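> coords please:
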Amino acid sequence: MNAKNESRSPCPISNVLDWLGDKWSLLIVRDVLFYGKHEYKEFLASPESIATNILADRLKKLTACGVLGELTHPENKSRKLYYVTESGKALLPILGEMVLWADAYMPPNEIIKQLAVSIKANPAAVKARMLAATSEWEAKYLP
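Coordinates of the predicted model:
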């Protein structure tokens, strides 16, 4: 799919992968939803070490397809702030399922285990907590 919503396939999975089917796109969405990151430099500081050119490309792609929105930073007009749109927020259950899958099938990891335990115990509470933090940020920065 491109930004004009023209699909090249009748398969919805293929079309979603056209937008989000690379490592970096979902990690950027994760960073906003799970860790409250909103600035270019914050995404660069993530442990996966995304290259600057790839980050710039993915931010552009995610805003073009409507998963992220952007606005001019209120303190510095040369910087931007990024936030998840409604379609970006709708990815939260998918990311949660990825955490549960990783907990079940990948080598043990304490961070995954802690998040998986929270999701298994009360997925609605985890989602509500993350969306509340997002809403709080939006109330501060969005018009």
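
> Mind telling me what element the most centrally placed residue in the chain is part of?
Taking C-alpha atoms, centre = their mean as the criterion, residue 29 is the residue nearest the geometric centre of the chain, at 0.8 Å. Here residue 29, judged by DSSP states H and E, is contained in helix 23-35.

> now swap in residue 6 and tell me
Assignment of secondary structure by DSSP H and E places residue 6 within no helix or strand.

> ok, it to residue 92 distance?
27 Å (C-beta to C-beta, to the nearest Å). (Each C-beta comes from the backbone N, C-alpha and C, glycine too.)

> In terms of packing, which of the two has more residues around it?
The neighbour count for residue 6 versus residue 92, taken as other C-beta atoms under 10 Å, is higher for residue 92 (20 against 8).

> Flag the shaky bits of this structure, pLDDT-wise.
1-5 (pLDDT under 70).

> quick one, strands of it?
Counting by DSSP state E, the chain has strands at residues 68-72, 80-84.

> Would you reformat these as TSV and include mean neighbour count and distance to residue 50?
Compiled in TSV, the strands of the chain are given as follows (neighbours: other C-beta atoms under 10 Å; distance: least, C-beta to C-beta, whole Å):
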stretch	mean neighbour count	distance to residue 50
strand 68-72	16	15
strand 80-84	20	14
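
> which stretch among those comes nearest residue 116?
Nearest to residue 116 among the strands of the chain is strand 80-84; the distance by C-beta to C-beta comes to 21.7 Å.

> count of neighbours near residue 112?
18.

> hang on, it packs against residue 102?
Yes. If you go by C-beta atoms under 8 Å, residue 112 and residue 102 touch, sitting 5.1 Å apart.
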